[in-house]
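> Sequence first, predicted coordinates after that:
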Amino acid sequence: MSEITPDLVRHLASLARILVTDEEVEKLAGELGVIVDSVAKVNEATSGDVLPTSHPIPMTNVMRDDEIRPSLTQEQALSGAPDSEEGRFKVAAILDEE
């Protein structure tokens, strides 16, 4: 059982400058207790001989090789643009920079 008591909840609420009713204190004490107990269980499950991992199975680079393929020309890509300039799409400035 966790060590989260109603008095501790009141103290933490006071530090956080949160007004809580007695009803809320009781509810929060129970909820915070469950959280603390759950974290304790997770800590028990981890041991020093198991290295932390980001993936449970070994991963390799899954990207495909780059291949040159036919694509649009610059003129074709810009043909549907409302405005272009010097071979690029021209859009309205959104910053105060020129």
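Great, that's in hand.
> Alpha carbons only: can I get stretch 63-82 in PDB?
Provided in PDB are the C-alpha atoms of stretch 63-82 (Å, rounded to 0.1, in the frame of the first residue of the first chain):
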ATOM      1  CA  MET A  63      14.400   2.200 -46.100                       C
ATOM      2  CA  ARG A  64      14.600   1.300 -49.700                       C
ATOM      3  CA  ASP A  65      17.600   2.300 -51.900                       C
ATOM      4  CA  ASP A  66      17.200   5.600 -53.800                       C
ATOM      5  CA  GLU A  67      16.400   5.000 -57.400                       C
ATOM      6  CA  ILE A  68      16.300   7.500 -60.100                       C
ATOM      7  CA  ARG A  69      12.900   7.400 -61.800                       C
ATOM      8  CA  PRO A  70      11.100   9.600 -64.400                       C
ATOM      9  CA  SER A  71       9.400  12.600 -62.700                       C
ATOM     10  CA  LEU A  72       8.000  15.900 -63.600                       C
ATOM     11  CA  THR A  73      10.100  18.600 -65.200                       C
ATOM     12  CA  GLN A  74      10.400  21.900 -63.400                       C
ATOM     13  CA  GLU A  75       8.000  23.500 -65.900                       C
ATOM     14  CA  GLN A  76       5.500  20.700 -65.500                       C
ATOM     15  CA  ALA A  77       5.600  21.000 -61.700                       C
ATOM     16  CA  LEU A  78       5.100  24.800 -61.900                       C
ATOM     17  CA  SER A  79       2.400  24.600 -64.600                       C
ATOM     18  CA  GLY A  80      -0.400  24.400 -62.100                       C
ATOM     19  CA  ALA A  81       1.000  26.900 -59.600                       C
ATOM     20  CA  PRO A  82      -0.900  30.200 -59.200                       C
END
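> average pLDDT across that stretch?
Stretch 63-82 carries an average pLDDT of 91.
> buried residues in the helix or strand in which residue 11 is found?
Secondary structure assignment for residue 11, by DSSP states H and E: helix 6-15. If you call a residue buried by 16 or more other CB atoms under 10 Å, then helix 6-15 has these buried ones: 8-9. Glycine gets a C-beta too; all of them are placed from N, C-alpha and C.
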